[in-house]
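Enquirer: quick one: sequence plus predicted model below, questions after.
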Amino acid sequence: MTDRVAVSFGNVSFAYEGVPVLEDVNLSIPEGALVSVVGPNGGGKTTLVKLMMGLLRPDEGQVRVLGGSPNRARPRVGYMPQHARHDPRFPVTVMDVVLMGRVERHWGGPYSGDDRLAAKAALAEVGLLSVADRLFDALSGGQRQRVLMARALASSPDLLILDEPTANVDVVVEARFQDILRELNRRMTIIMVSHDLGFVAEMVQEVVCVNRHVVVHPTSEITGKVIQEIYGADVRAIRHDHTRNGRHGHA
């Protein structure tokens, strides 16, 4: 962890067609952090991420990513969606999918040798180099999620944003994701959108709670009362105590 800031929001507000979605958001995520974004559906999580990625512009305030504007930082940001949008009838291979992560660094024509080396390295990192030539649609759900992560890693990002990386996967795949994320966090900042508070408590040091406004909590403060304030219902959570450097104990 450093004192440098990876993502900052200064007095940011945003509305869709006059309906406020985020109001007066102040947020600072340091470089090297591993944090999670949580909140109810419609609370503004997706909008927050789109502002980070430069896909939306704030109505008020300023967003800074990796020391500059979100648009300028985009080639240094890897993004893993919750699901891949593709036509299952189209015979796209695993390698084809991962190479899509090189688009921001690719200037047309065939992919270069460097592009393919980066894609292979990303697949190796998630343990799927052996299936590079298989059809993407032939993989299991957990394997497809890891391919999407490899696509995000192919650009060699400094910031990795993950949208529900463990959605619809079993506990074995979830544990594999934990191992991968901990290793990746050694060299990049990771922001993870998740509804899985158990997974969040195991992984992150801080939780960014989004429900029109934004409040940051250490994971040790995520109690039933806090969850009720975020989601409007009392949801059971496992409590874990974390320190800022990532060491943790179970309470």
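Expert: Done, it's in.
Enquirer: run through the chain and note the low-pLDDT ranges.
Expert: For the chain, the stretches with pLDDT under 70 are 1-3, 83-89, 105-109, 168-170, 196-200, 219-251.
Enquirer: if we go to 50?
Expert: Residues of the chain that meet the criterion pLDDT under 50 lie in 234-251.
Enquirer: beta-bridge partners for the residue most central in space within it, please?
Expert: Central residue of the chain (Cα atoms, centre = their mean): L162, 2.0 Å from the mean position. Beta bridges link L162 to M80, M192 when assigned by DSSP bridges.
Enquirer: distance check, it against M100.
Expert: Going from L162 to M100 by Cβ to Cβ, to the nearest Å gives 16 Å. The way it works is simple: take the backbone N, C-alpha and C, and place the C-beta from them, glycine included.
Enquirer: got a list of what the residue nearest to the centre of the chain touches?
Expert: Counting by Cβ atoms under 8 Å, 6 or more residues apart in numbering, L162 touches M80, M149, A152, L181, I190, I191, M192, V193, S194.
Enquirer: possible to save the residues you listed as JSON lines with distance to M53?
Expert: Shown next, in JSON lines, are these (distance: Cβ to Cβ, whole Å):
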{"residue": "M80", "distance to M53": "12"}
{"residue": "M149", "distance to M53": "17"}
{"residue": "A152", "distance to M53": "12"}
{"residue": "L181", "distance to M53": "19"}
{"residue": "I190", "distance to M53": "15"}
{"residue": "I191", "distance to M53": "10"}
{"residue": "M192", "distance to M53": "14"}
{"residue": "V193", "distance to M53": "12"}
{"residue": "S194", "distance to M53": "17"}
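Enquirer: now the two most distant members of those residues.
Expert: Using Cβ to Cβ, the contacts of L162 span at most 15.5 Å, a distance reached by A152 and S194.
Enquirer: show me the domain layout of this structure.
Expert: 1-66+159-251, 85-157 (automatic domain parsing).
Enquirer: need the ones you listed in CSV (columns: distance to A73).
Expert: Formatted as CSV, those follow (distance: least, Cβ to Cβ, whole Å):
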stretch, distance to A73
domain 1-66+159-251, 4
domain 85-157, 10
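Enquirer: host element of the nearest residue to T166 once chain neighbours are set aside?
Expert: Residue nearest to T166 in three dimensions, not counting chain neighbours: E174, with 4.8 Å by Cβ to Cβ, 6 or more residues apart in numbering. Element membership for E174 (DSSP states H and E) is helix 171-184.
Enquirer: good, we can wrap up now.
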